[in-house]
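K.L.:
Mind looking at a prediction? Sequence and model below.
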Amino acid sequence: MIVMKFGGTSVGSAREILRVTELVSKEKRKKVVVVSAMGGVTDKLDKMARKVVNLPTEVVESEVEKFHKEILDQHVSAIKEAVKDGKVQEEVLKEVSTLANSLRYALMGIGYLEDLSPRSLDYIWSFGERMSAPIVAGALRSKGVDAKHMTGYEAGLVTNSCFGQARPLFKKLDKTIKEALNPVVAKGIVPVVTGFIAADEEAKMTTLGRGGSDYTASIIGRYLNVEEVQIWTDVDGILTTDPRIVPNAKQIYTISYVEAMDLAYFGAKVIHSKMIEPAMDADIPVRIKNTFNPDNVGTLVVKESEQVEGVVKAISIAKNVAIINLKGVGLADTPNIAATVFNLLGESGINIIMISAASEANLSFVVKRSDVQAAVNVLNTEFFAGCIRTLEVIEDACIIAVVGAGMRGTHGIAAKIFQTAADVNANIIMIAQGSSEVNISFMVKENEGDSVLKALHRNFIECAKGAGK
């Protein structure tokens, strides 16, 4: 058995959905299909939910009606082209229309009440996947493949009640996922499961945060103990760097879980870092494939690291981040200051991306640029007033992460990396605290990031034999 996950670009229109049905029908192994919302739909839902809560009451209905028509028309168009069987098409049209009406009522409620809670936002976001899954299942049924669409919750994915960033209740999933999916697969039916969305123990809709559809696929793969989890996207696999910056970036054919996780964490967009862990726990290979170029072997993510000549396997860049520097003599006299800072930020939903080595008088860390103001507000509390002399924010910075098996054991690799940055007149303003077997990460000014990336790729990958293997 395998899991096949298709992202938003893979189910973006009827044409793409029909391509997906071809790929699924050609796969002879038993399978579970996981789908994202149609391309761009989740963003539209999010934008509308945030817009309607601030609209004058008298225009809420007209704006919601306009949006309802737009979303429904997009999905109806896909249904009429992708679901060929007349009876099945009628069933799917009816279900999607019902969902669109529920969305309309929910948006009107948010608008009239002028209240958008995290729980309400999760409910609005859920409609993207809940409307795409019936279409994909219907298209498969029209092609003669017995398929059944299911929400993540119906597939056994139970989470806590942390809306917007729900965590799976792993102790329950071994039972719930097997009980929900194994009987369906055993009957020769292909479950088409909504990625990204699940529900808590009271069946309230939750979402799994960024990368949630990949995460759904990996979790299902783990608890069904599948042969392979396939992530179908719009690129051939993981590349040695961002091809928008380095056009001759090379495809990586095999990479370890740890290397892939570090790349994803520090900016690579092909997969999300958190989806690796469930597959890694069960030692299940993850294969990244291109829906639009299925003959390409893709990238296989496996347990063992394979060192390449030159050591460096890939380089990522993460922009839209900022450094926060805390300076103050009082830091040295405040017990457990670092833990206190990070706990407070975590309680406010602010993720620490990177930490620099701290001294008695300084503490530096990196957050998303969109979280800077919230972080500053948290830190400017009465608690810190006496121990922080200066709170400095550096917003024009980016993270460069150099990844490769054997990084730690290679003499002089860090010096060569930093010298490469110096050779293009870039100044390193921060280096990550701690050590990694496969990763050296540092920060430079954002306007220097592309030059550093190009130089590192040229020196460590393009000039190394066997790069991209």
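P.N.:
It's in.

K.L.:
element containing residue 4, please.
P.N.:
strand 2-6 (DSSP states H and E).

K.L.:
looking at this, residue 325 is in a helix?
P.N.:
No - assigned with DSSP: H, G, I helix; E, B strand; the rest coil, residue 325 falls outside any helix and is strand.

K.L.:
With adjacent residues omitted, what lies nearest to it?
P.N.:
residue 392 (4.1 Å; C-beta to C-beta, 6 or more residues apart in numbering). (C-beta placed from N, C-alpha, C; glycine too.)

K.L.:
Now do the contacts for that neighbour.
P.N.:
Listed by C-beta atoms under 8 Å, 6 or more residues apart in numbering, the contact set of residue 392 reads 323-325, 327.

K.L.:
These, buried ones only, as a ChimeraX selection?
P.N.:
This is the ChimeraX syntax for the buried subset of these, where burial follows 16 or more other C-beta atoms under 10 Å:
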select :323,324
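
K.L.:
Just confirm residue 206 is within a strand.
P.N.:
Yes - Residue 206 sits within a strand when classified using three-state DSSP.

K.L.:
number of nearby residues for the nearest residue to it once chain neighbours are set aside?
P.N.:
The spatial neighbour of residue 206 that comes closest, neighbours along the chain excluded (C-beta to C-beta, 6+ apart), is residue 166 at 3.7 Å. Number of residues near residue 166 (other C-beta atoms under 10 Å) recorded here: 25.

K.L.:
For the chain, name the helix or strand with the lowest mean pLDDT.
P.N.:
Taking mean pLDDT, DSSP states H and E as the measure, the helices and strands of the chain show their lowest mean at helix 382-385, namely a mean of 58.

K.L.:
Show me what secondary structure element comes after that one.
P.N.:
Heading C-terminal from helix 382-385 (DSSP H and E), you reach strand 390-403.

K.L.:
got the buried residues for that following strand?
P.N.:
For strand 390-403, a neighbour-count test (16+ other C-beta under 10 Å) marks 394, 397-403 as buried.

K.L.:
now stretch 373-383
P.N.:
375, 378-379.

K.L.:
same check, this time on stretch 271-281
P.N.:
Buried, per 16+ other C-beta under 10 Å, within stretch 271-281: 271-276, 278-280.

K.L.:
Quick one: distance of that stretch to the chain centre.
P.N.:
Once both centres are worked out by C-alpha atoms, centre = their mean, to the nearest Å, stretch 271-281 turns out to sit 10 Å from its chain's centre.

K.L.:
Check stretch 177-191 too.
P.N.:
26 Å.

K.L.:
So for that stretch, mean pLDDT?
P.N.:
Throughout stretch 177-191, pLDDT has a mean value of 97.

K.L.:
Now tell me what touches that stretch from outside.
P.N.:
1, 24, 30-33, 137, 140, 145-150, 154-157, 219-220, 223-224.

K.L.:
from those residues, which would you call buried?
P.N.:
Buried, going by 16+ other C-beta under 10 Å: 24, 30-33, 137, 140, 145, 147-150, 154-157, 219-220, 223-224, out of the contacts of stretch 177-191.

K.L.:
Among these, which ones are in strands?
P.N.:
Among these, the ones falling in strands (DSSP state E) are 31-33, 147-150.

K.L.:
before we move on, the earlier item: so which of the buried residues of strand 390-403 is the closest to residue 290?
P.N.:
Checking the buried residues of strand 390-403 against residue 290 with C-beta to C-beta, the nearest one is residue 403 at 21.7 Å.

K.L.:
Export the buried residues of stretch 373-383 as JSON lines, with columns for pLDDT and secondary structure.
P.N.:
JSON lines is the format used below for the buried residues of stretch 373-383 (pLDDT from 0 to 100; DSSP: H, G, I helix; E, B strand; the rest coil):
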{"residue": "375", "pLDDT": "89", "secondary structure": "helix"}
{"residue": "378", "pLDDT": "85", "secondary structure": "helix"}
{"residue": "379", "pLDDT": "83", "secondary structure": "helix"}
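
K.L.:
Go through the residues you listed and say which is closest to residue 352.
P.N.:
For the buried residues of stretch 373-383, the nearest to residue 352 is residue 375 (9.3 Å; C-beta to C-beta).

K.L.:
which ones are touching the closest one?
P.N.:
By C-beta under 8 Å, 6+ apart, the contact set of residue 375 is 324, 345, 348, 350, 367.

K.L.:
The third one: neighbouring residues, count only.
P.N.:
If I follow you right, that is residue 348. Neighbours of residue 348 (other C-beta under 10 Å): 12.

K.L.:
quick one, what contacts it?
P.N.:
Applying C-beta under 8 Å, 6+ apart to residue 348 gives the contacts 374-375, 378.

K.L.:
Just the pLDDT for it.
P.N.:
83.

K.L.:
Residue 344 sits in which helix or strand?
P.N.:
Judged by DSSP H and E, residue 344 forms part of helix 337-347.

K.L.:
what packs against that helix?
P.N.:
Applying 3 or more C-beta pairs under 8 Å, 6 or more residues apart in numbering; DSSP states H and E, one finds that helix 337-347 makes contact with strand 362-368, helix 372-379.

K.L.:
For residue 225, see how far away the residue nearest the centre of the chain is.
P.N.:
Most central in the chain under C-alpha atoms, centre = their mean is residue 211, positioned 2.1 Å from the mean C-alpha point. Per C-beta to C-beta, to the nearest Å, residue 211 is found 22 Å from residue 225.

K.L.:
Contact partners for residue 126?
P.N.:
So residue 126 contacts 151, 194, 197, 205, 207 (C-beta under 8 Å, 6+ apart).

K.L.:
and the contacts of residue 348 as CSV, adding distance to residue 265?
P.N.:
Below are the contacts of residue 348 laid out as CSV (distance: C-beta to C-beta, whole Å):
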residue, distance to residue 265
374, 21
375, 19
378, 23
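
K.L.:
Bridging across strands, which residues link to residue 431?
P.N.:
Note on residue 431: beta-bridge partners by DSSP bridges are residue 442.

K.L.:
residues contacting it?
P.N.:
Counting by C-beta under 8 Å, 6+ apart, residue 431 touches 356-357, 441-443.

K.L.:
now, among those, which is nearest to residue 14?
P.N.:
Distances from residue 14 to these, taken as C-beta to C-beta, are shortest for residue 441 (42.3 Å).

K.L.:
wouldn't that closest one be in contact with residue 400 here?
P.N.:
Yes - counting by C-beta atoms under 8 Å, residue 400 is a contact partner of residue 441 at 6.8 Å.

K.L.:
where in the stretch 201-350 of the chain is pLDDT low?
P.N.:
Low-confidence segments of the stretch 201-350 of the chain, defined by pLDDT under 70: 305-310, 328-336.

K.L.:
where do the strands sit along it?
P.N.:
With DSSP state E, counting those that start in this stretch, the ranges of strands along the stretch 201-350 of the chain come out as 205-207, 228-233, 254-256, 286-290, 299-302, 314-327.
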